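> Fold the stuff below for me.
(one chain, ligands or ions: 2)
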Amino acid sequence: MLGRLNHVAIAVPDLAAASAVYRDTLGAKLSKPQALPDHGVTVVFVDLGNTKVELLEPLDAASPISGFLAKNPAGGMHHLCYEVDDILAARDRLKAKGARVLGDGEPKIGAHGKPVLFLHPKDFAGTLVELEQA
Ligand SMILES: CC[C@H](C(=O)O)C(=O)SCCNC(=O)CCNC(=O)[C@H](O)C(C)(C)COP(=O)(O)OP(=O)(O)OC[C@H]1O[C@@H](n2cnc3c(N)ncnc32)[C@H](O)[C@@H]1OP(=O)(O)O
Ligand SMILES: [Co+2]
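Ligands and ions are numbered 1, 2, ... in the order given. Model (predicted):
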């Protein structure tokens, strides 16, 4: 079911500061910040060729990542995003296996303009998993 690792996401309290570390200390090339109101975050992508790093900051206190940052004030690894060929088939297969699909279970359009879903971290070795339609 799983395809490529699309991105590793790092939640941060200050996107500008984290972007400066990646750009100036690590010499990375960054995308422009992209506000995603549907997802309650602003994201910056670091393209690494074989995968990406997604830096994400809460848009407001209602952001789904606010709880994570309250527990990890300096930021930290937030989720992994895997590509799947058919996100609806993957969702149905995962639900049939008892995995919890977050939200209403319907894919939403993510930062790359593709449908995405999230799976509960407690069902996947303590790791929040995002699936993105390849
Ligand atoms: C789609 C746009 C963009 C893209 O790539 O295109 C993005 O990736 S946007 C990313 C932001 N959106 C989301 O993360 C949506 C899915 N996330 C959620 O619905 C919540 O974050 C949720 C439900 C995973 C956690 O919410 P919250 O922390 O408020 O709930 P709890 O405190 O009840 O957490 C339950 C339990 O899970 C642990 N937890 C929370 N977040 C994570 C995490 N990122 N990785 C691992 N574990 C996590 C939390 O500590 C609780 O554990 P417990 O032992 O019960 O304390
Ligand atoms: Co993501």
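> Show me what the lengthiest helix in the chain is packed against.
For the chain, the helix with the greatest residue count under DSSP state H is helix 87-96. Counting contacts by 3 or more C-beta pairs under 8 Å, 6 or more residues apart in numbering; DSSP states H and E, helix 87-96 packs against strand 115-119, strand 128-133. Bear in mind the C-beta positions are built from the backbone N, C-alpha and C, glycine included.
> closest one to residue 24 among those?
Nearest to residue 24 among the helices and strands packed on helix 87-96 is strand 128-133; the distance by C-beta to C-beta comes to 27.9 Å.
> Name the strands paired with the closest one and say parallel or antiparallel.
Looking at strand 128-133 with DSSP bridges, its partner strands are strand 76-84 (parallel), strand 115-119 (antiparallel).
> quick check, it touching ligand 1?
Yes - counting by C-beta under 6 Å from any ligand atom, ligand 1 is contacted by strand 128-133 at 128, 130.
> tell me the angle that strand makes with helix 87-96.
140 degrees (axes from the mean of the first three to the mean of the last three C-alpha atoms, to 10 degrees).
> Burial check on the closest residue to residue 82 other than its chain neighbours, number of neighbours?
Distances taken as C-beta to C-beta, 6 or more residues apart in numbering place residue 2 nearest to residue 82, at 4.7 Å, with adjacent residues excluded. Neighbourhood size, residue 2 [other C-beta atoms under 10 Å]: 11.
> what's near enough to touch residue 2?
Taking C-beta atoms under 8 Å, 6 or more residues apart in numbering, we find residue 2 in contact with 82-84.
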